[in-house]
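Asker: Got a predicted structure here, sequence first:
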Amino acid sequence: MEREVRVRFAPSPTGPLHIGGVRTALYNFLLARKLGGKMLLRIEDTDQNRFVPGAEQYIMDALRWCGIVIDEGIEEGGPHAPYRQSERKPMYRQYAQQLIESGHAYYAFDTPEELDAMRARLTAAKVPNPQYNSITRTQMRNSLTLPEDEVKQLLDNEAPYVIRLKVPRKEEIRFNDLIRGWVVVHSSAVDDKVLMKSDGMPTYHLANIVDDHLMEITHVIRGEEWLPSAPLHVLLYRYLGWEATMPQFAHLPLLLKPDGTGKLSKRDGDKLGFPVFPLEWHGTDAESGQPTVSSGYRESGYLPEAFINFLAFLGWNPGTQQELFTMDELIENFSIERVSKSPARFDQNKVRWYNEQYLRAKPDTELAGYLLESLQAQGISCPTDKAEQIAALVKERATFPADLAREAQLFFHRPTSYDEQVISKKWNAQVAGALAAYAQELPSAADTSPEGLKALLTQVVESQGMKIGQVLQVLRVAVTGITAGPDLMAVMSILGAQETAERIEAAVSQLVAS
RNA sequence: GGUCCGUUCGUCUAGGGGUUAGGACUGCAGAUUUUCAUUCUGCCAACAGGGGUUCGAUUCCCCUACGGACUACCA
């Protein structure tokens, strides 16, 4: 008796998916997995004017990168194929027809100019909600006002027309939103929405309801921007005779721009100072036609696990103090009831923090892989075991995989200059002597572990009547050129005694000369 | 303008008729590291306002304010 849970993510391919869309897809996926159901991807491309090449592929690539797995879709296939609405075009007509026959829809022949004129007239008359509705339709050219034979003639002559839903004049429409509870809207606030466009394509509203029904969708989880049209959808289910299997609705709070002024949109691109898209997007500027590039989380060095963990927490939380969740843990703990009602803003600091957590948790072998990759791009070769040592040492200093290579530079390039502040303050003949002595001992050192190197340094320095603190800072500058960096003894150990000695000698001779 | 949705630290949030209103991020301070970072400890910081209901309201109700979405032959 219990129906299998089936959810869908239904974007329109008008551009790349932004992070709000990814979160919607994620919540759908989490619910499906949690309840042992199926996740479908349906492409809503009923607006032929807004089709953007590559967007569809982008959506699928982005979801895949995020680890959101689609069970049925245009690539995966499935029992309800096709999953692209443009390919389902012939299926919608009969439902619009059915609505006309049952008296719940009608033909409208108004031209765009007539519609504009109507709205202008209403606005001028200060009508609170100027729209095509139960009142204004009586003054328009449609199959409700025109004589039957004229309608027939118009249809026979293939005059352009749309099919509109006949929304009742006075009726309370209510539905139970999983996140918001009961939502009640009066039918007078709903307009006679176009169901079928003059090009023969259904609008979102019709196609969406028909497909959700045919595809046996049980839960519609979508953005809050759809809340105002949900009553219309409820009406559609009712008039089509599908109310008994109407899916449950859950309208997600929106993701706001960081300053809280308005919802995040695709057009925000890189304006906000952080990526809005999961993957880099190559588009064209609407006005100039010039190619544009918008940065993506993937290309910026974010790990998909971190990105997803962060996104999951933007509007949902498990009610515990745990912050780090794998996808499996998210699935295990997810529940739609715990999704918050209020919109959330994006916090760059927190995504970065998540990325650091996930990066450091990676095994050193994997980190070494990132490091080797970057190094190779720079034409630097490095043995795997050394890369692992370096990665383990510098990972605490990295937010992104690319930071590993940045931090590793000192292992592959001898310093070309030395920090002047430290030199002017701490460099003197005595220190130089101690360093030279250390460099001399180094090549024959028995123990080249960090501890061994430190013991040797202590021994040399103290034999010169100094304390290690007097030379350490200078030693660092001599070996690396700069004052900041990972543990010096560990650095020298990885560098090797010979290389370290040579670097010290080079520093001593250059600094004495100057 | 109209309809609908929302409002707890700067941000993400927990909580719920009686709590020192909890956590995380950020910020600040201290400790460790004779460096930076990490790590650890601590600190700063919130119930939008006004009316009810109640012994008691941040929590329930109403109003106001503010924010947002929608208001297309776009989704």
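Answerer: Happy to help now that I have it. Residues are numbered from 1 along each chain as shown, chains lettered A, B, ... in the order given.
Asker: and stretch A:48-58, what's its mean pLDDT?
Answerer: Across stretch A:48-58, pLDDT averages out at 93.
Asker: List the buried residues of it.
Answerer: Residues A:Val52, A:Ala55, A:Glu56, A:Tyr58 are the ones in stretch A:48-58 that count as buried (16 or more other C-beta atoms under 10 Å). (Each C-beta comes from the backbone N, C-alpha and C, glycine too.)
Asker: Just send those residues back as a markdown table, with distance to A:Leu314 and secondary structure too.
Answerer: As requested, the buried residues of stretch A:48-58 are exported to a markdown table (distance: C-beta to C-beta, whole Å; DSSP: H, G, I helix; E, B strand; the rest coil):
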| residue | distance to A:Leu314 | secondary structure |
| --- | --- | --- |
| A:Val52 | 26 | coil |
| A:Ala55 | 23 | helix |
| A:Glu56 | 25 | helix |
| A:Tyr58 | 21 | helix |
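Asker: neighbours of A:Asp116, just the number please.
Answerer: A:Asp116 has 11 neighbours, counted by other C-beta atoms under 10 Å.
Asker: Tell me if stretch A:246-263 is near RNA strand B.
Answerer: Yes - Stretch A:246-263 reaches RNA strand B (C-beta under 7 Å from any atom of the strand) through A:Pro253, A:Leu254, A:Leu256, A:Gly260, A:Thr261, A:Gly262, A:Lys263.
Asker: would a markdown table of the residues you listed with neighbour count be doable?
Answerer: As requested, those are arranged in a markdown table below (neighbours: other C-beta atoms under 10 Å):
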| residue | neighbour count |
| --- | --- |
| A:Pro253 | 21 |
| A:Leu254 | 16 |
| A:Leu256 | 17 |
| A:Gly260 | 9 |
| A:Thr261 | 7 |
| A:Gly262 | 10 |
| A:Lys263 | 16 |
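Asker: Most widely separated two among these?
Answerer: A:Pro253 and A:Thr261 (15.8 Å; C-beta to C-beta).
Asker: mind checking how far A:Gln48 is from RNA strand B?
Answerer: Noted for A:Gln48: a distance of 9 Å to RNA strand B, by C-beta to the nearest atom of the strand, to the nearest Å.
Asker: Can you list phi and psi of that residue for me?
Answerer: Backbone dihedrals for A:Gln48, given as degrees, to the nearest 10, come out at phi -70, psi -20.
Asker: Surely it is in contact with A:Asp199?
Answerer: Yes - with contact defined as C-beta atoms under 8 Å, A:Gln48 counts as touching A:Asp199 (7.2 Å).
Asker: Give me the distance from stretch A:66-79 to the chain's centre.
Answerer: When distances are taken as C-alpha atoms, centre = their mean, to the nearest Å, stretch A:66-79 is centred 18 Å away from the chain's centroid.
Asker: from the residues of stretch A:246-263 next to RNA strand B, which has minimum pLDDT?
Answerer: A:Gly260 (78).
Asker: ok, the nearest residue to A:Phe274 once chain neighbours are set aside - contacts?
Answerer: Residue nearest to A:Phe274 in three dimensions, not counting chain neighbours: A:Gln348, with 4.9 Å by C-beta to C-beta, 6 or more residues apart in numbering. If you count contacts by C-beta atoms under 8 Å, 6 or more residues apart in numbering, A:Gln348 has them with A:Pro258, A:Gly273, A:Phe274.
Asker: Since that was my last question, I'll sign off now.
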